[in-house]
Every structure is written in structure tokens, then in C-alpha cells.
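[1] this one's structure only:
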């Protein structure tokens, strides 16, 4: 237990701690309210009502229509469903994506490309890691066939934020389908899906203090797609299988809390990130930052590149020994560590070692101080 107490958790982009209030909202559905949502007796109808109330709540918070929100097992399933549907149901023959997407998009796109179902291309990236919108427009204009554009709203490793409206408008102009992996922004960023020209977005509950194993896929009302999973009438015939009742209830509660406290939380977390940038610049010689950390970037994510030395090569291992949880992003491929495809794409410098720090409302300045102290020793 002693170790538990002094653990510093700076890996919130990977997953977050479940909020106590979210757990309290979920508990009744794990204990007394266990009726199957598809059963017709009142016991089942209560479960069905809980799901539809959750759907309405989520739709309202994202300014979408409840009929546009589908509950899934998470961001990966949502991304897979959107990409498959665009190819199979919406006639997309070419996919434009980027080399720094999450693997849930990259590997899915690759799969359909290898099966010769579509052709694919990557949009150019600027030096900061942002998408080159001129290149995107040129690629869209050059295509005869219908395109799917799949670009993430915010990158999970470097935190860069896409101008989702600009991309949506380009897609509209060229009659393309637009899917955005919003796993890092749902619950962290105000989204208005009535105003944003997007066909599909994905979200995941565990990125904003909700439960793991539950997510959403938003499907714009103007498009019609077929199911990805068959065998039952759940999710308005779109996703067969008994619903993850308590997960769905937890997702909605977590999103309600995240959006209610968004201004205060984002302000506080941004101040921690800014403070850490200052402290690292002050205390660690030669430190660099990946992406656009002080520009269009998530307030939750800081990707730091340290000069490579014999000591710093072991940095993740040494931070772990000191009960500091962070994630790597190294571009090297030493044995099992294949490194990060994101860092390789934007900053392939073999003399740097990348560490991603990602913050939540539970972190403190004191934690930043002790991590910076530790880093001074380790580098």
C-alpha cells in the first residue's frame, strides 16, 4: 500500500481514474437493477429507460440528435464501424488519412487497402505535426471517386488539435465522407455536432474519468449505414448484443460531469502543463517539445524530447521504478520497443528520447515538481 500512496500518475491520455460519482451512478445497475434492456416486463423496461436517458444526455451535451448516438465498446470499435460503413455502405473508394492516426484507424484502413477494397493516401504534415490543409484540398480535388477522410481531432501522443471545421468544409465541398477520431477530445473539449460538418465521430468513456469498455459512435442523420455486428435489434438494429448497461450509464454520467466542470478543469490542467514546460526548460538542458505544445494543442498532453544519453535511454524504466507512470514515444526500435509511429513521422531524431506526460484534474503542481526533480537526477 505504501507504493500506492506515492505513485504519480501522468498517463491520463492512456486512461483515467473512474470518478467516484460515476461509480455511484453505475452501482445500482450492477446490483439491484440488472434487468435485460430487451425484456418486456417492467424490470427490463427500467434498464431500457436508463439507456435511452443516457443517450439523450450524451446527445444534448454534444448538440446531436439522440438518434445519431450509438453506444459501442469504445473508440476502436467506433473507428472500425465508421471506416467499414464508409466503404461498404457509402461508396467510398479512396481513403485519405494521416501517418499519425491511432492504430485503430491506421490498421483498419490498411486492412481494407490490402484487400484491394480501397486505395489510400496520407495527407502531408507540417513540421509542427499539424495536417497540411492545402495538401488535403489538392488530394480531394484530384480524385474522381468518392473519398473518406479520416483524421483525428486531437493526437493522443503529441496533442495537436485539428481544425475540424475547416476539414469538414473541405469534405463538404468535394462530397467526401468525414470521420474524426475524437477519443482525446470528447469530454475534454466543447463539441457542437449540429455546427460541425462531420459524418462520424468516435469517443471513449475511460478518457474522461468514465468506465473502460464503453464508447460512442456519432452517425450523422443524413447518412444511412448497415450494422457492423449482427444478431439482435439492440441500438436501433445497429449493434447486436445485450447492451453494456452500467457502462452506458457511467459514460453519460462521466460526460455530464466533464462538461459541467470543463472550464475550471481545463484551466487548471492547462496551468499544470504550462508550469511543467517552464520547469523543464529551466532545469533540463537541451529539452525539446514535440508537436505544437504552446499552440493548437490539447491542454492534457505534453510530449517531451530529452537529449539521448546512456542514462536517459533508460528513462521510462527508471521513472517506473520511482512510481511515476508516463508513456514512451521513442522513435527507436530496440528489441520489443518498436517505438512510436507518431514520433517517427514528425521528429525522427535518433539523439532524442521522447516521454509523454498527460494530466488530469487529480494532478498537482507538487507532483510536477517531484517529477522534474527526478528527471534532473535521471538525465
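    Nice, I can see it. Just so you know, these numbers come straight off a predicted model, no measurement behind them.
[2] Show me the shaky parts of this protein.
    Applying pLDDT under 70 to the chain flags the ranges 1-5, 330-338.
[3] domain assignment for it?
    Domain assignment for the chain, taken from automatic domain parsing, gives 2-17+262-378, 20-260.
[4] can the ones you listed go into a markdown table with extra columns for mean neighbour count?
    To be clear about C-beta, it is placed using only N, CA and C from the backbone, and glycine gets the same treatment. Shown next, in a markdown table, are the domains of the chain (neighbours: other C-beta atoms under 10 Å):
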| stretch | mean neighbour count |
| --- | --- |
| domain 2-17+262-378 | 17 |
| domain 20-260 | 19 |
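[5] thinking residue 302 is in contact with residue 293, fair?
    Yes: using C-beta atoms under 8 Å, residue 302 is in contact with residue 293, at 6.1 Å.
[6] which neighbours do the two share?
    Residues touching both residue 302 and residue 293 (C-beta atoms under 8 Å, 6 or more residues apart in numbering): 159, 273, 277.
[7] And those residues, which is closest to residue 216?
    If you rank those by distance to residue 216 using C-beta to C-beta, residue 159 comes first, at 21.6 Å.
[8] Could you report the separation of the closest residue to that closest one other than its chain neighbours from residue 358?
    Excluding its sequence neighbours, the residue lying closest to residue 159 (C-beta to C-beta, 6 or more residues apart in numbering) is residue 301, at 3.3 Å. The gap separating residue 301 from residue 358 is 5 Å, by C-beta to C-beta, to the nearest Å.
[9] Any chance you could list residues touching both of those two?
    Both residue 301 and residue 358 are in contact with residue 13, where contact means C-beta under 8 Å, 6+ apart.
[10] need the contact list for the closest residue to residue 340 other than its chain neighbours.
    Leaving out its chain neighbours, the residue that sits closest to residue 340 by C-beta to C-beta, 6+ apart is residue 329, at 4.2 Å. Residues near residue 329 by C-beta under 8 Å, 6+ apart: 157, 158, 290, 303, 339, 340, 342, 343, 354, 355, 356.
[11] what about residue 192, which helix or strand?
    Using DSSP states H and E, residue 192 is not contained in any helix or strand.
[12] Please tell me how far it sits from residue 109.
    Relative to residue 109, and taking C-beta to C-beta, residue 192 is found at 27 Å.
[13] what's next to the helix or strand where residue 109 lies, contact-wise?
    Residue 109 is part of helix 103-114 when elements are defined by DSSP H and E. Contact with helix 103-114 is made by 75-76, 79-80, 83-84, 87, 95, 97, 99, 101, 118-120, 150, 152, 181, 341, as judged by C-beta under 8 Å, 6+ apart.
[14] which residues sit in contact with the residue located most distally from the centre of the chain?
    What lies farthest from the middle of the chain is residue 41; by C-alpha atoms, centre = their mean that is 37.9 Å. Residues in contact with residue 41 (C-beta under 8 Å, 6+ apart) are residue 35.
[15] how far out from the middle of the chain is stretch 72-89?
    14 Å (C-alpha atoms, centre = their mean, to the nearest Å).
[16] cool, stretch 143-163 as well?
    With C-alpha atoms, centre = their mean, you get 12 Å for stretch 143-163.
[17] and if you look at stretch 51-67?
    For stretch 51-67, the separation from the chain centroid amounts to 19 Å (computed by C-alpha atoms, centre = their mean).
[18] For residue 201, list each beta-bridge partner.
    Listed by DSSP bridges, the beta-bridge partners for residue 201 are residue 180, residue 218.
[19] Excluding chain neighbours, what is closest to residue 216?
    Closest to residue 216 by C-beta to C-beta, 6+ apart is residue 203, at 4.7 Å.
[20] can you list contacts of stretch 220-240?
    Residues contacting stretch 220-240 (C-beta under 8 Å, 6+ apart): 37-38, 65, 67-68, 70-72, 77, 80-81, 84-85, 88-90, 177, 193, 198-200, 219, 241-243.
[21] Among those residues, name the ones in helices.
    Using DSSP state H, 77, 80, 81, 84, 85, 88 are the members of those that sit in helices.
[22] residue contacts, the closest residue to the first one other than its chain neighbours?
    Nearest-residue entry for residue 77: residue 215, 6.7 Å, with adjacent residues in sequence omitted and distances by C-beta to C-beta, 6+ apart. Residues in contact with residue 215 (C-beta under 8 Å, 6+ apart) are 71-75, 77-78, 183, 202-205, 251.
[23] Roughly how far does residue 215 sit from residue 294?
    Residue 215 is 30 Å from residue 294, by C-beta to C-beta.
[24] what does residue 84 give?
    Relative to residue 294, residue 84 is positioned 38 Å away (C-beta to C-beta).
[25] Then residue 61?
    29 Å.
[26] Kindly report the same for residue 316.
    24 Å.
[27] Any chance of the contacts of residue 215 in JSON lines with distance to residue 54 as columns?
    Formatted as JSON lines, the contacts of residue 215 follow (distance: C-beta to C-beta, whole Å):
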{"residue": "71", "distance to residue 54": "8"}
{"residue": "72", "distance to residue 54": "13"}
{"residue": "73", "distance to residue 54": "15"}
{"residue": "74", "distance to residue 54": "16"}
{"residue": "75", "distance to residue 54": "18"}
{"residue": "77", "distance to residue 54": "17"}
{"residue": "78", "distance to residue 54": "16"}
{"residue": "183", "distance to residue 54": "19"}
{"residue": "202", "distance to residue 54": "17"}
{"residue": "203", "distance to residue 54": "13"}
{"residue": "204", "distance to residue 54": "15"}
{"residue": "205", "distance to residue 54": "11"}
{"residue": "251", "distance to residue 54": "7"}
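[28] Restricted to strands, list those.
    Assigned to strands by DSSP state E, the following of the contacts of residue 215 qualify: 71, 72, 202, 203, 204.
[29] Cool, thanks, signing off.
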